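1. Using only what follows, build the 3D model:
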Amino acid sequence: MGFTVEDMLLISKDRYNMELIAGKEGWSNSISWLMMVEDLTIIRRFDGKELAVTTGLGFESEKKLLRLLHHLSLHHASGLVINVGEYISEVPQSAIDFCNTADLPLLTVPWSVHIAEMIKDLSVRIFFQGIADEQSARAFIAAIERPDAPDDYREVLLPYYDLDGDFQVLLITTDGLDSMDTVERKRLGYRMELYLENISHNCEFFYYDSFFVLIANNLPAQVLEDVLSRFETSLRRRMPDRKIAIGIGSRIGDISNLHTAYKRAKAAAALALRLGRPRLSFDDMGLYRLLTQVPDRLLLQEMGDGLLRPLLDYDAQHNSNYVETLEWFLRTGGSYQAMAEKMFIHRNTLMYRMNNIRKMLNNDLETEESRIPYHIACLIHRLL
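-> Numbers count the residues shown, from 1 in each chain. As a prediction, the model looks like this:
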């Protein structure tokens, strides 16, 4: 997941006497670049993931420093390093409290540190880590597209990942993602990557095939659940108008099966969008797991809308909801009371509708065997 605040701190703790004093929950934030900030003007050009560095010139007062932190959080910065001693001798408690609440890493280095040298050193490390990340992303794409050509991906990934271990693919999408220009999409990707808190280096995040892709290697299920919960909370808080859908593929063993995990995550993401769900796991899709893997779409249409055609035509002509009524009948096991509670319709009305439906379908729907084809047809209808 790139060069992170944690990476920077490991390098800089002894070399530059750097300390993390607040925002510890954000220490897995990736850093795209280091930017010297002595006023608020440059922050307007932040795309996300920039790490701000300041001597405190222009932010000497507590009020001005808090305003800086607010703008950095608003523009999705990775954190702030303060060169303490000359303009800011001591970081106020209000700044520490803000960063802890916003999960914005706040770090300090003493005035004796040569800031220009530190920025140059860390920027070079970020640059080379960026190259390594791009190579890893291309290798993962090769594993998805060409699983039978291990020479295209194993050698690149072997130093960083347990290729014989477990892999899981998550696909994140939103309306209009594939139509965004590169700059807009990259900015959105940077922000999402920041929201994926506590993701360690056994993960890779990149854009591919109209999705933001997160590949996790040997990540425990509970850790992944915690990451996704925090991710969704951050999205609701910081991008409330943007609807996101997440498809989660099955956990698979060995990198050679990554293409299967990707296909399943893609099916889960597509169904999540179709059903209006913010998150859906392939393993929780029930019969949809089988239906989404059928390549013959014409066959699905024949088994779905073909079987339901009398009801579909009737609904179109009379602005009714006979297909929905049949679906709830099948989902509730034929309980009119349960149907009435779910559809907010009197049970007598539902009984009348079901009598009509049975006549239209020429099927009494009394046995499990007679209901199964229509249950599958309703699932397909929702899928297509």
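
2. Tell me the strands beside the longest strand anywhere in the chain, with direction?
-> For the chain, the strand that runs over the most residues, judged by DSSP state E, is strand 166-174. When pairs are called by DSSP bridges, strand 166-174 turns out to pair with strand 211-217 (antiparallel), strand 244-248 (antiparallel), strand 252-253 (antiparallel).

3. With distance to K13 added, can I get those strands in JSON lines?
-> For glycine as for every other residue, the C-beta is placed from the backbone atoms N, C-alpha and C. Formatted as JSON lines, these follow (distance: least, Cβ to Cβ, whole Å):
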{"stretch": "strand 211-217", "distance to K13": "27"}
{"stretch": "strand 244-248", "distance to K13": "35"}
{"stretch": "strand 252-253", "distance to K13": "37"}
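
4. before we move on, back to that, can you name the next helix or strand after the longest strand of the chain?
-> helix 182-195 (DSSP states H and E).

5. could you give the angle of the helix or strand that that next one is followed by to helix 182-195?
-> Reading on from helix 182-195 to the C-terminus, the next helix or strand found by DSSP H and E is strand 203-208. Between strand 203-208 and helix 182-195, the angle comes out at 160 degrees (axes from the mean of the first three to the mean of the last three Cα atoms, to 10 degrees).

6. Quick one: list the elements packing against strand 203-208.
-> If contacts are counted by 3 or more Cβ pairs under 8 Å, 6 or more residues apart in numbering; DSSP states H and E, strand 203-208 sits against helix 115-145, helix 182-195, strand 211-217.

7. tell me the angle of it relative to helix 115-145?
-> Following the same axes, to 10 degrees, one obtains 70 degrees for the angle between strand 203-208 and helix 115-145.

8. List the buried residues for strand 203-208?
-> Of all the residues in strand 203-208, those buried under the rule 16 or more other Cβ atoms under 10 Å are 203-207.

9. Output the strands paired with strand 166-174 as TSV; include the columns mean neighbour count.
-> What follows is the strands paired with strand 166-174, written out as TSV (neighbours: other Cβ atoms under 10 Å):
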stretch	mean neighbour count
strand 211-217	23
strand 244-248	24
strand 252-253	14
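
10. between those strands, which one is nearest to Q301?
-> Closest to Q301 of those is strand 244-248 (Cβ to Cβ; 22.6 Å).

11. Run the chain-centre distance for the closest one.
-> The chain centre lies 6 Å from the centre of strand 244-248; the measure is Cα atoms, centre = their mean, to the nearest Å.

12. What of stretch 86-98?
-> Centre-to-centre, stretch 86-98 and its host chain are 34 Å apart (Cα atoms, centre = their mean).

13. Report the separation between the two terminal residues of that stretch.
-> This stretch, stretch 86-98, spans 22 Å end to end (Cα to Cα, to the nearest Å).

14. ok, and for it, which residues are buried?
-> For stretch 86-98, burial by neighbour count (16+ other Cβ under 10 Å) applies to 87-88, 91, 95, 98.

15. Tabulate these in TSV, adding columns for pLDDT, secondary structure and distance to E232.
-> TSV is the format used below for these (pLDDT from 0 to 100; DSSP: H, G, I helix; E, B strand; the rest coil; distance: Cβ to Cβ, whole Å):
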residue	pLDDT	secondary structure	distance to E232
Y87	95	coil	39
I88	95	coil	35
V91	96	coil	31
A95	97	helix	28
F98	97	helix	23
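
16. circling back: ok, which of the strands paired with strand 166-174 comes nearest A143?
-> Closest to A143 of those is strand 211-217 (Cβ to Cβ; 9.1 Å).

17. Show me what whichever helix or strand comes after the closest one is packed against.
-> With elements assigned by DSSP H and E, the helix or strand that comes after strand 211-217 is helix 221-238. With contacts defined as 3+ Cβ pairs under 8 Å, 6+ apart, helix 221-238 has these neighbours: helix 182-195, strand 244-248.

18. want to try TSV for those, with mean pLDDT and distance to I141 as columns?
-> Converted to TSV, the helices and strands packed on helix 221-238 look like this (pLDDT from 0 to 100; distance: least, Cβ to Cβ, whole Å):
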stretch	mean pLDDT	distance to I141
helix 182-195	87	15
strand 244-248	95	17
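
19. Out of the ones you listed, indicate the one that is most buried.
-> Among the helices and strands packed on helix 221-238, strand 244-248 has the highest mean neighbour count (mean count of other Cβ atoms under 10 Å), at a mean of 24.

20. Rounded mean pLDDT for stretch 128-139, please.
-> For stretch 128-139, the mean per-residue pLDDT is 93.

21. that older thread, between the buried residues of strand 203-208, which is nearest R187?
-> Closest approach between these and R187, by Cβ to Cβ: Y207, at 11.7 Å.

22. Is the closest one in contact with V213, as I believe?
-> Yes - if you go by Cβ atoms under 8 Å, Y207 and V213 touch, sitting 7.1 Å apart.

23. ok so, going back, will you turn the helices and strands packed on strand 203-208 into a markdown table that also has distance to G306?
-> Formatted as a markdown table, the helices and strands packed on strand 203-208 follow (distance: least, Cβ to Cβ, whole Å):
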| stretch | distance to G306 |
| --- | --- |
| helix 115-145 | 33 |
| helix 182-195 | 39 |
| strand 211-217 | 31 |
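
24. These: which one's closest to D47?
-> Per Cβ to Cβ, nearest to D47 of the helices and strands packed on strand 203-208: helix 182-195, 4.6 Å.

25. Now do that closest one against helix 221-238: the angle between them, please.
-> Using the same axes, to 10 degrees: helix 182-195 against helix 221-238 is 120 degrees.

26. Dump the C-alpha coordinates for helix 182-195 into PDB.
-> The C-alpha atoms that make up helix 182-195 are tabulated as PDB, following Å, rounded to 0.1, in the frame of the first residue of the first chain:
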ATOM      1  CA  THR A 182      -7.500  10.300 -15.100                       C
ATOM      2  CA  VAL A 183      -6.900  13.200 -12.600                       C
ATOM      3  CA  GLU A 184     -10.400  12.900 -11.100                       C
ATOM      4  CA  ARG A 185     -10.200   9.200 -10.700                       C
ATOM      5  CA  LYS A 186      -6.700   9.300  -9.200                       C
ATOM      6  CA  ARG A 187      -7.800  11.900  -6.700                       C
ATOM      7  CA  LEU A 188     -10.800   9.700  -5.700                       C
ATOM      8  CA  GLY A 189      -8.500   6.700  -5.500                       C
ATOM      9  CA  TYR A 190      -6.100   8.600  -3.200                       C
ATOM     10  CA  ARG A 191      -8.900   9.500  -0.900                       C
ATOM     11  CA  MET A 192     -10.300   5.900  -0.700                       C
ATOM     12  CA  GLU A 193      -6.800   4.600   0.000                       C
ATOM     13  CA  LEU A 194      -6.600   6.900   3.000                       C
ATOM     14  CA  TYR A 195      -9.900   5.600   4.300                       C
END
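
27. I am finished for the moment; much appreciated.
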